[in-house]
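In: Sharing a model that was predicted from the sequence below.
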Amino acid sequence: MKMKEKLSINEFDGKKFKVRVVEPDYNKAVVTHYLHNIDNGVAKHYEEDAKKYVEEFVTYKNEEEDLKLVSDIALQQLLFEVEDVPFPTPENYSFKFIDLFAGIGGFRLALQNLGGKCVFTSEWDANAQKTYHANFGEVPFGDITKEQTKQYIPDGFDVLCAGFPCQAFSIAGKRGGFEDTRGTLFFDVAEIIKRKRPKAIFLENVKGLRNHNGGKTLATILNVLRNDLGYFVPEPEIINAKDHGVPQNRERIYIVGFRGDLGISEFNYPKPTGKKVSFSKIKEKKEVTSKYYLSTQYLKTLKEHKARHASKGNGFGYEIIPDTGIANAIVVGGMGRERNLVYDDRLTDFTPTTHIKGEVNREGIRKMTPREWARLQGFPDNYIIPVADASAYKQFGNSVAVPAIQATAEKILNLLKTK
């Protein structure tokens, strides 16, 4: 297992200690999950392994003499580091949830805003884990398909959240049930639901899931949730982020379910707010560096590409979003940025800050910044972006739209309260 080591000076109870921390990546998830739940019963689920890791890998040394301190003191020092984050757990939380395929925590932000306590999270991408840790003080567990990871999921949580990837199932000639989803990531979600029986489930996926594999994929998912697992699952609905307070035309399919014994037989997805928000609302307020402005050569290539498609009657190519408009869906890859260019004539220093062909264009055309993408997804400005731009674009492009998730989650929680 890969090991990481760091050395720092820490103070506890008025005394300074040199702290040498050697941590396997997997163990950081156990320890941070334990510390996040140290004041509730869920902590017991992680306690044995967490204290073992702390005792084994954390050594406090007095400046004058070697002194091994008890693990409780080490935990208190680490607890400060876990809690000193932009988005800590609400003090008086009213429900518990888990965050699968967590990305950078869009679900978590939404449900914490509603008073929720996250008791388990998983995300395999290392850069996304870094961003998640910076904002929530918790390192996500990795591969959720591994039994070792699943064993760390506690009992007794209320809501399971998962923005799982879309995969086709091998269901030719079969009934399309639980066993037919083996080898897909949905199978792992379904298996966790089967074991833990949360009160509610909230799944998110791309709009194309509705017609994926000729509609068989969604039909199998609904059959498993309804018939194999016994959940009331209303018809999934396509929710657009632009209808819930952000200037982005982003459609995603939401699947909501309630455990059968709760007696819930009706659910209404949130209605559009009716309030239109334009790009100007989230546009950078100050001058943006020249690295976000297109080079003359790049812009020439985009214009020629669009002209070729236009001559064939196609509407492909770059698009410039006016301040009064709304963005296209932000997605991973160059097209996600090229379909969301903007005009910004405030640039005063046209000196290139990156290696480009040609010069910085004088038409005021630039890419949106990672912070603007964060705002398009409803992330607040105190959300930390600790990674390079390329990773940031990928992470926000893959994320959920927080306001739309929150509006739907609020409907789920209100229904659970009545039951």
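Out: Now that the structure is in, tell me what you want to look at.
In: Quick one: the helices in the stretch 151-300 of the chain, in order.
Out: Under the criterion DSSP state H, counting those that start in this stretch, the stretch 151-300 of the chain contains helices at 185-196, 216-223, 296-311.
In: Including distance to Val360, could the ones you listed go into JSON lines?
Out: C-beta: built from backbone N, CA, C; applies to glycine. Below are the helices of the stretch 151-300 of the chain laid out as JSON lines (distance: least, CB to CB, whole Å):
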{"stretch": "helix 185-196", "distance to Val360": "43"}
{"stretch": "helix 216-223", "distance to Val360": "45"}
{"stretch": "helix 296-311", "distance to Val360": "8"}
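In: and among these, the most buried is which?
Out: Among those, ranked by average contacts under mean count of other CB atoms under 10 Å, first place goes to helix 216-223 (a mean of 20).
In: quick check: angle from that one to helix 185-196?
Out: Between the axes of helix 216-223 and helix 185-196, defined by axes from the mean of the first three to the mean of the last three CA atoms, to 10 degrees, the angle is 0 degrees.
In: just to revisit the earlier point, make CSV out of the helices of the stretch 151-300 of the chain and add distance to Glu179 and mean pLDDT.
Out: What follows is those, written out as CSV (distance: least, CB to CB, whole Å; pLDDT from 0 to 100):
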stretch, distance to Glu179, mean pLDDT
helix 185-196, 9, 96
helix 216-223, 11, 91
helix 296-311, 45, 92
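In: closest to Ile384 out of those helices?
Out: helix 185-196 (27.6 Å; CB to CB).
In: Show me what the closest one is packed against.
Out: In terms of contacts (3 or more CB pairs under 8 Å, 6 or more residues apart in numbering; DSSP states H and E), helix 185-196 is packed against helix 147-150, strand 159-162.
In: can I get the ones you listed in a markdown table with mean pLDDT?
Out: Converted to a markdown table, the helices and strands packed on helix 185-196 look like this (pLDDT from 0 to 100):
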| stretch | mean pLDDT |
| --- | --- |
| helix 147-150 | 94 |
| strand 159-162 | 98 |
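In: contacting residues for the closest residue to Lys357 other than its chain neighbours?
Out: Nearest non-adjacent residue to Lys357, counting by CB to CB, 6 or more residues apart in numbering: Gln297, 3.9 Å away. Residues in contact with Gln297 (CB atoms under 8 Å, 6 or more residues apart in numbering) are Ile356, Lys357, Gly358.
In: what about the nearest residue to Ser265 once chain neighbours are set aside, neighbour count?
Out: Spatial nearest neighbour of Ser265, excluding adjacent residues (CB to CB, 6+ apart): Phe232 at 6.0 Å. Residues near Phe232, counting by other CB atoms under 10 Å, number 18.
In: Can you give me the distance of Phe232 to Thr408?
Out: From Phe232 across to Thr408, the span is 16 Å (CB to CB, to the nearest Å).
In: And Leu160, by the same measure?
Out: On the measure of CB to CB, Leu160 and Thr408 end up 14 Å apart.
In: Quick check: of the contacts of Gln297, which has the highest neighbour count?
Out: Most neighbours among the contacts of Gln297, by other CB under 10 Å: Ile356, with 17 neighbours.
In: Helix or strand: which one has that residue?
Out: Assigned by DSSP states H and E, Ile356 belongs to neither a helix nor a strand.
In: residues in contact with it?
Out: Here Ile356 is in contact with Ser295, Gln297, Tyr298 (criterion: CB under 8 Å, 6+ apart).
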